[in-house]
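Asker: Any chance you can model this:
(one chain, ligands or ions: 2)
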Amino acid sequence: MSAPRTLYDKVFDDHVVYSGEGDTLLYIDRHLVHEVTSPQAFEGLRNAGRKVRRTDCTLATVDHNIPTVSRKNFKSINSFIVEADSRAQCVALEEHVKEFGLTYFGMDDKRQGIVHIIGPEQGFTLPGTTVVCGDSHTSTHGAFGALAFGIGTSEVEHVLATQCLPQAKSKNMRIRVEGKLAEGVNSKDIVLHIIGVIGTAGGTGAVIEFAGSTIRALSMEARMSICNMSIEGGARAGMIAPDEITFKYLKGRPLSPRDGEEWDKAVAYWRSLASDEGAKYDIEVEIKAEDIIPTVTWGTSPQDVRPILGSVPDPSDFPEAQRGNVKRSLEYMGLVPGTPMEEIKIDKAFFGSCTNGRIEDMRSAARVIIASEKNGGPSKVAEGVYAMIVPGSGLVKQQAEAEGLDVIFRKAGFDWREAGCSMCLGMNPDQLKPQERCASTSNRNFEGRQGAGGRTHLMSPAMVAAAALTGHLTDVRKLMGNRISEDGGLKITEYADYLTPVTVSAPPVEATEQTESGPTPVQAAAAASAGLPKFNIVRGIAAPMWEANIDTDKIIPKQFLKTLLRTGLGSALFWPARYDVKTGAEIPEFVLNREPFKHASLLVCTGPNFGCGSSREHAPWALNDFGIRCVMAPSFGDIFKNNCFKNGMLPLELPQSDLENLYKDAEAGLELAVDLENEQVIRPNGQPPVPFKIDAFRRHCLLNGLDDIGLTLQHRELIENFEEKRTTVWPWLDGVGYAKKGQKVVAVPVGGQAKKKMEW
Ligand SMILES: CC(C)[C@H](C(=O)O)[C@@H](O)C(=O)O
Ligand code: SF4
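Answerer: Ligands and ions are numbered 1, 2, ... in the order given. As a prediction, this is how the structure comes out:
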């Protein structure tokens, strides 16, 4: 009998292509692509003469940059998007999907929407699959029992080229939520509460399995909201074992296994994925549902949560080490300790995002409006407040309109928009102005997240609706009165009514088998290895920092993600802290604006969880461009860490006591040297060096400047064998959902090119 395994163990094991020295190579079943994190990946692919290996397992859309105004006059992205950088990224994606033959949902397609909404909607996301996307909220898809995680742009290129990724195994963590939720409390409250308990670094290095009776009772939409925010808890991924609720949700979706024998086989496999009795978890957390009430954030990190009936905390409530962060957050948020949360006034309300942009979220907001009116409460958006509702996809919008939700919203004074990421991050024109305060259904309240200087409070859709109506944060239960569990008389429709029937526009692609014209794997590895600078000794000034949870939005905010290049971001590094929001002038006290740190080639941070949050590889690119090749910290965000390695940079984890010493050296402006060959940090004035150990394979790659796409391609035969097995054991995973009957789907051999667009 083999040892009992967790859901994560099982999905991981079923995707191992190769396991040897260094990381394990995992096969990737599903790859979602959007315009922000892909241009450099396609460019890299083209430069190396590589093709997309599995066009049939790749799905692209535009979401982050697009305006959410009416598309009535939409003709093309080129004429529709006013802002030049945003337009360039979207146009680039349209060109890339044509060039590489990918399925693409553009702005004139009602299936377009936020990547994490459209994947599940189409049945592209399935239980037991590996799902990746150049986006940290890929964790959303774990709600289906998929192993789904965010990756950086270099990894996007890796997956496009090889359909595989080298992956180290994460720890198993289980969070059990048990019991019945109180009326008026929903999945967003659960996940905010959880992050408040475990902290934004609580899941670092782990995959979280959400379990327990409370989770089992949740709908797929609610499960997605929870898994979505696992990344805010620092985890590599979040997962929930698939069950009847999952199967019901998936049945009949365009890319789900076909009804009949294939469906039955798939369901039997999916059932087998649940964690075995007695499976071991490295970390266990228990949460009681009854402890959760509607929850909101007060600060600039998703862990800064308070129950709505609480008040703004005081720095002295926190351990000494955290007080600096708390003070800074309160200043930024313009809040006074002791203020009841319910007295905080808002200027804007935002509904949407990959956390809460689904049909259920829209219904939940509409119910609050209906109940409030019936109970004699406010029935319109409060005076002076602007409230916008942005459905997560064109299909969500269509369904909401068919249910009459748009009418309810419009009547109450809400602005009803088109699908996209919108003010979740404000890469499009939907942004907060400096010091504007927003009640938001999104997932991140980082400084400047929704607009430079803007202030974000995260909460559930029902709570945002309540705040929009009253003009201040409000316990939604007060507006709902005894109507909390009523359905509000809404007309609920079935999703299936809105599904686009399977259309087939591509002629059968019998075989994309072609003669090999590209470089051999060894040549490719050699050619690629020339691309990364070797890391041996990096000597120089080190910039000292002390903050905890320095997120990648802080390292490089959204307005700089619109580039098509990997270079030129150095001047924008730490932009929010480095420059005055209003004048753009340098803030003289900020460390990188001071001598000698303006010339730093190292960074020492004593706070944990450096580089948490978004998957943007722009963060290491900006550090690199500034001249910093190595960051030392107690711990790192998982995706940031990988992204550093992919750029020949060293994210070095060191014990706190060593970091304190190095911080003092750095602050004194003394030079340090990181000697990778001998695994030590050399300190000034003959003080004993700080030894360290990093993974042997990583070290080898850094010392030799090796690019691992080339290394992966050396396992080409194993990849092909895996694909053959996949077709036999899990036939529904070949991208045949949109294909014609009998159409054969074949991987593109390295160096070959699929000429035809693969419309599933
Ligand atoms: C643009 C992308 C890299 C980013 C992410 O990875 O999360 C974005 O979606 C975000 O929410 O910050
Ligand atoms: S978190 Fe916001 S910006 Fe990122 S993918 Fe989700 S909706 Fe888009």
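Asker: what's the following helix or strand after the worst-scoring helix or strand of the chain on mean pLDDT?
Answerer: Ranked by mean pLDDT, DSSP states H and E, the weakest helix or strand in the chain is helix 521-529, scoring a mean of 39. For helix 521-529, the following helix or strand on the C-terminal side (DSSP states H and E) is strand 537-545.
Asker: After that next one, which helix or strand is next?
Answerer: helix 552-555.
Asker: could you dump that next one to CSV, C-alpha only?
Answerer: Taking C-alpha atoms only, helix 552-555 is exported to CSV below (Å, rounded to 0.1, in the frame of the first residue of the first chain):
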residue,chain,number,x,y,z
THR,A,552,5.7,43.8,-6.2
ASP,A,553,3.2,46.7,-6.7
LYS,A,554,5.5,48.7,-4.5
ILE,A,555,8.6,47.6,-6.4
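Asker: and that helix with ligand 2, contact?
Answerer: No - shown here: helix 552-555 not in contact with ligand 2 (C-beta under 6 Å from any ligand atom), separated by at least 10.3 Å. Glycine gets a C-beta too; all of them are placed from N, C-alpha and C.
Asker: change the start of the numbering to 41 and stick with it
Answerer: From this message on, residue numbering opens at 41, which makes the last subject helix 592-595.
Asker: Would you mark the buried spots in that helix?
Answerer: Neighbour counts over helix 592-595 (16 or more other C-beta atoms under 10 Å) mark 592-595 as buried.
Asker: now the residues you listed in a markdown table, with pLDDT?
Answerer: Compiled in a markdown table, these are given as follows (pLDDT from 0 to 100):
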| residue | pLDDT |
| --- | --- |
| 592 | 98 |
| 593 | 97 |
| 594 | 96 |
| 595 | 98 |
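Asker: Can you name the residues of this protein sitting close to ligand 2?
Answerer: Within reach of ligand 2 by C-beta under 6 Å from any ligand atom, the chain has these residues: 103-104, 154, 175, 177, 393-394, 461, 464-465, 482-483.
Asker: same thing but 5 Å
Answerer: When proximity is defined as C-beta under 5 Å from any ligand atom, the chain approaches ligand 2 at 154, 177, 393-394, 461, 464-465.
Asker: Can you flag which of these belong to helices?
Answerer: Those of these mapping onto helices are 393-394, per DSSP state H.
Asker: how about stretch 204-224 as CSV, C-alpha atoms only?
Answerer: C-alpha atoms of stretch 204-224 as CSV (Å, rounded to 0.1, in the frame of the first residue of the first chain):
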residue,chain,number,x,y,z
CYS,A,204,6.4,22.1,-19.2
LEU,A,205,7.8,23.9,-16.2
PRO,A,206,10.6,22.9,-13.7
GLN,A,207,8.9,23.0,-10.3
ALA,A,208,10.0,22.2,-6.8
LYS,A,209,7.5,20.5,-4.6
SER,A,210,5.8,22.8,-2.2
LYS,A,211,4.7,22.0,1.4
ASN,A,212,1.2,20.7,2.0
MET,A,213,-0.9,23.1,4.1
ARG,A,214,-4.5,22.5,5.1
ILE,A,215,-7.0,25.1,6.2
ARG,A,216,-10.2,23.6,7.5
VAL,A,217,-13.2,25.8,8.0
GLU,A,218,-15.9,24.0,10.0
GLY,A,219,-19.4,24.9,10.9
LYS,A,220,-22.2,27.0,9.6
LEU,A,221,-21.7,30.6,8.4
ALA,A,222,-23.8,33.2,10.1
GLU,A,223,-26.4,35.0,8.0
GLY,A,224,-24.8,37.8,5.9
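Asker: nearest to residue 715, of the residues of the chain next to ligand 2?
Answerer: Nearest to residue 715 among those: residue 177, at 37.6 Å, using C-beta to C-beta.
Asker: give me every residue that touches the closest one.
Answerer: 156, 190, 268, 271, 394-395, 483 (C-beta atoms under 8 Å, 6 or more residues apart in numbering).
Asker: Do you know the pLDDT at it?
Answerer: On pLDDT, residue 177 comes in at 98.
Asker: what separates the residue lying closest to residue 367 once chain neighbours are set aside from residue 372, distance-wise?
Answerer: The spatial neighbour of residue 367 that comes closest, neighbours along the chain excluded (C-beta to C-beta, 6 or more residues apart in numbering), is residue 355 at 4.9 Å. Separation of residue 355 from residue 372 (C-beta to C-beta, to the nearest Å) stands at 13 Å.
Asker: Common neighbours of the two, please.
Answerer: By C-beta under 8 Å, 6+ apart, no residue touches both residue 355 and residue 372.
Asker: coming back round to it: will you turn the residues of the chain next to ligand 2 into TSV that also has distance to residue 326?
Answerer: Output for the residues of the chain next to ligand 2, formatted as TSV (distance: C-beta to C-beta, whole Å):
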residue	distance to residue 326
154	32
177	26
393	29
394	28
461	34
464	31
465	33
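Asker: Of the residues of the chain next to ligand 2, which is the nearest to residue 437?
Answerer: Nearest member of the residues of the chain next to ligand 2 to residue 437, counting by C-beta to C-beta, is residue 154, at 11.8 Å.
Asker: where exactly do the strands run in the stretch 641-790 of the chain?
Answerer: Per DSSP state E, counting those that start in this stretch, the stretch 641-790 of the chain carries strands over the ranges 642-645, 670-673, 690-693, 711-715, 720-722, 730-731.
Asker: The third one pairs with which strands, parallel or anti?
Answerer: If I follow you right, that is strand 690-693. If you go by DSSP bridges, strand 690-693 pairs up with strand 670-673 (parallel).
Asker: Also the fifth one?
Answerer: Partner strands and pairing direction for strand 720-722 (DSSP bridges) are strand 711-715 (antiparallel), strand 730-731 (antiparallel).
Asker: Quick check: mean pLDDT of it?
Answerer: Averaging pLDDT along strand 720-722 yields 98.
Asker: For that strand, what is the distance to the chain centroid?
Answerer: The chain centre lies 34 Å from the centre of strand 720-722; the measure is C-alpha atoms, centre = their mean, to the nearest Å.
Asker: Kindly state the beta-bridge partners for the nearest residue to residue 694 once chain neighbours are set aside.
Answerer: Leaving aside its chain neighbours, residue 694 sits nearest to residue 672 (5.4 Å; criterion: C-beta to C-beta, 6+ apart). In this entry, residue 672 is beta-bridged to residue 644, residue 692, by DSSP bridges.
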